[in-house]
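J.: Provided below are the primary sequence and the corresponding predicted coordinates.
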Amino acid sequence: MSAKPAANHGRTGWRFCAVLLGAVLALPLAPAESIAQEQRRTLFEMLFGKPVGRDGGSNREYQRRSRRDFPSAPPTRSVTRPQPTKKTPSVVQMRTAKPEPAAKLENARRVLVIGDFLAGGMGEELVNAFANSPAIVVDVRANGSSGLVRTDYYDWFKTLPQFITETNPATIVIMMGSNDRQQMQIGDSKEKFGTEIWFKEYERRIDELLTLAGRPKVPVLWVGLPAFQSPSLSADLVGFNRLYRNHVEKYGGEFVDVWDGFVDEAGKFVVTGYDMNGQQARLREADGIGMTQAGKRKLAFYVEKFVRRHLDGAGPDLVKLDGSNLPALTSLPALGIDAGQVRTQPISLTDPALDGGDKLLGDVPPSPTPARVSVVESPRERLTKRGEMADAPAGRIDYYRVVTDTTQAKQ
């Protein structure tokens, strides 16, 4: 009974040894140094790897394996982008300074501009229009809120003679009436705008102002009013312009009509329209009454044409020649011609055949011969005395003859 368990234990021991031997033989062959190092590694190191900096040799071996097993990323290269080249403009815009106004002459002819706020804006642009004309000076004497109705506020009938004395104008330009749609003080009573009495007094004041402006005996221009945004105001201004035209023409002046320049084709008020250069521009302010810079310049453009015509083109580029500024004319003998030679008038080469002569005038023969006298009248004598013209030779353009003979027609 006791020998049987001992035999079982012997067989079990041999089996264990055989399994251990097979396991040893199944392990891969490795250098002794590597096996020793692996045996010295702890369980933490076998699972997570040996930490960096533990010891120099192992650390270098770990780094070497890491570089071999996991290839490092390629080094980054710094990319330098080329700077965009600055493009030079093909056309270089040169800003030039505004030329200085021309110096005015001492005897320059003056233009006096009077009126309300529209006259003031127009007068400023008229000054710029004649800035380069040394022979023309523009004097602007305007009051923005003035007119012919409120003489208690500003009395043109008292100030106009004073302005004429101060400036001695060669032309007077009047533009007013925009502020006159209000009641008028007539004597001791106030008359409402639009009545017959009101218009009768208003026309009398127009005549009085024109009488004062006509005393210097110079051209007088009355500039008409433009259309406004208010339809009722524009309708009243049409009547005002009719009065101004009739009265100024009666006194020998001229009426400058600017109405069409500030309305459209249908005659309606426009804010934007054509400027003096034919380009679209804003002409009126937001209130529908005032003028922009382009609108003022357009008003001045209308007046400028009349002023230049009355002042006979006085300007730097127009010079009038008369007997006072013509150069001295001297008669000098021609070079190479004998002073004693007799000069004759040139004649046509076909003239001798017309009057019967066969020599040019001044052709003296070597041996003088007596003058030939003919009793037959020359073609010129027959033409001048009798009105008879010699027949044209055949084939000339003025040869007219009805041919009846067939033989002659063939010839």
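T.: Now that the structure is in, tell me what you want to look at. Residues are numbered from 1 along each chain as shown.
J.: Now do stretch 271-285, average pLDDT.
T.: Mean per-residue pLDDT for stretch 271-285: 93.
J.: Likewise for stretch 212-222?
T.: 95.
J.: can you check stretch 150-166 too?
T.: Computed over stretch 150-166, the average pLDDT equals 95.
J.: Identify the residues contacting that stretch?
T.: Here stretch 150-166 makes contact (CB atoms under 8 Å, 6 or more residues apart in numbering) with 112, 114, 139, 141, 143, 145-148, 172, 176, 179, 182, 185, 205, 208-209, 212-213, 215-216. C-beta: built from backbone N, CA, C; applies to glycine.
J.: Let me see the ranges of the strands in the stretch 251-400 of the chain.
T.: 254-256, 272-274, 280-282 (DSSP state E, counting those that start in this stretch).
J.: Tell me which of these sits most buried.
T.: Sort the strands of the stretch 251-400 of the chain by mean neighbour count, taking mean count of other CB atoms under 10 Å, and strand 254-256 sits at the top with a mean of 18.
J.: for that one, packing partners?
T.: Here strand 254-256 touches strand 220-223, helix 231-250, helix 293-310, going by 3 or more CB pairs under 8 Å, 6 or more residues apart in numbering; DSSP states H and E.
J.: now with 6 Å?
T.: Using 3 or more CB pairs under 6 Å, 6 or more residues apart in numbering; DSSP states H and E, the elements in contact with strand 254-256 are strand 220-223, helix 293-310.
J.: follow-up on the earlier one: so how do I select the buried members of the contacts of stretch 150-166 in PyMOL?
T.: Selection of the buried residues among these in PyMOL, burial being defined by 16 or more other CB atoms under 10 Å:
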select buried, resi 112+114+139+141+143+146+147+148+172+176+179+205+209+212+213+216
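J.: Out of the contacts of stretch 150-166, which sit inside helices?
T.: Among the contacts of stretch 150-166, the members found in helices (DSSP state H) are 205, 208-209, 212-213.
J.: Tell me which of the helices and strands packed on strand 254-256 sits most buried.
T.: Greatest burial across the helices and strands packed on strand 254-256, using mean count of other CB under 10 Å, falls to strand 220-223, with a mean of 24.
J.: Please write out the alpha-carbon positions of that one in CSV.
T.: Only the C-alpha atoms of strand 220-223 are listed here, as CSV (Å, rounded to 0.1, in the frame of the first residue of the first chain):
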residue,chain,number,x,y,z
VAL,A,220,-28.4,147.2,-66.6
LEU,A,221,-29.1,143.5,-66.2
TRP,A,222,-32.0,142.1,-64.2
VAL,A,223,-31.5,138.4,-63.4
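J.: Would you state the strands of the stretch 51-200 of the chain in chain order?
T.: Assigned by DSSP E, counting those that start in this stretch, the strands in the stretch 51-200 of the chain fall at 109-115, 136-142, 171-175, 184-186, 189-191.
J.: what lines up beside the first one in the sheet?
T.: It refers to strand 109-115. Partners of strand 109-115 in the sheet, by DSSP bridges, are strand 136-142 (parallel), strand 171-175 (parallel).
J.: To residue 241, which of these lies closest?
T.: Ranking the strands paired with strand 109-115 by their distance to residue 241 (criterion: CB to CB) puts strand 171-175 first, at 11.2 Å.
J.: And the contacts of the closest one?
T.: 111-115, 118-119, 213, 218-223, 303, 307, 310 (CB atoms under 6 Å, 6 or more residues apart in numbering).
J.: by how many degrees do it and helix 231-250 diverge?
T.: Counting by axes from the mean of the first three to the mean of the last three CA atoms, to 10 degrees, strand 171-175 lies at 160 degrees to helix 231-250.
J.: between strand 171-175 and helix 293-310, how many degrees?
T.: Using the same axes, to 10 degrees: strand 171-175 against helix 293-310 is 150 degrees.
J.: can you pull the contacts of residue 390?
T.: Contact analysis of residue 390 by CB under 6 Å, 6+ apart lists residue 379.
J.: how near is it to residue 308?
T.: Counting by CB to CB, to the nearest Å, the gap from residue 390 to residue 308 is 59 Å.
J.: pLDDT weak spots in the protein?
T.: 1-13, 23-99, 312-375, 401-411 (pLDDT under 70).
J.: quick one, helices of it?
T.: Under the criterion DSSP H, the chain contains helices at 3-26, 32-40, 43-48, 56-69, 117-129, 156-167, 196-213, 231-250, 293-310, 351-355, 379-381, 406-410.
J.: According to the record, where do the domains of this protein fall?
T.: Per automatic domain parsing, the domain ranges recorded for the chain read 37-67, 109-310.
J.: Residue 225 touches residue 237, doesn't it?
T.: Yes: using CB atoms under 6 Å, residue 225 is in contact with residue 237, at 4.6 Å.
J.: So between the two, which is more surrounded?
T.: residue 225 (24 against 21; other CB atoms under 10 Å).
J.: got the contact list for that one?
T.: Contacts here follow CB under 6 Å, 6+ apart; on that basis residue 225 touches 177, 237, 241.
J.: Please report the number of neighbouring residues for the closest residue to the last one other than its chain neighbours.
T.: On the basis of CB to CB, 6 or more residues apart in numbering, the spatially nearest residue to residue 241 that is not a chain neighbour turns out to be residue 224, at 4.4 Å. Residues lying near residue 224 (other CB under 10 Å) number 20.
J.: Could you do the one 3 residues further on as well?
T.: One way to gauge burial is a neighbour count; for residue 227, by other CB under 10 Å, it gives 24.
J.: quick one: contacts for it?
T.: Contact analysis of residue 227 by CB under 6 Å, 6+ apart lists 234, 262-263, 269.
J.: Any idea how far apart the tips of stretch 280-294 sit?
T.: With CA to CA, to the nearest Å as the measure, stretch 280-294 spans 10 Å from end to end.
J.: oh sorry, the question was meant for stretch 281-294
T.: 7 Å.
J.: Contacts for that stretch next, please.
T.: Stretch 281-294 has contacts (CB under 6 Å, 6+ apart) with 121, 228-229, 271-273, 275, 295.
J.: Need the ones in helices among the contacts of stretch 150-166 in TSV (columns: distance to residue 378).
T.: Below are the ones in helices among the contacts of stretch 150-166 laid out as TSV (distance: CB to CB, whole Å):
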residue	distance to residue 378
205	81
208	78
209	76
212	75
213	71
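J.: and residue 168, how far is that from residue 141?
T.: Distance of residue 168 to residue 141, given as CB to CB: 13 Å.
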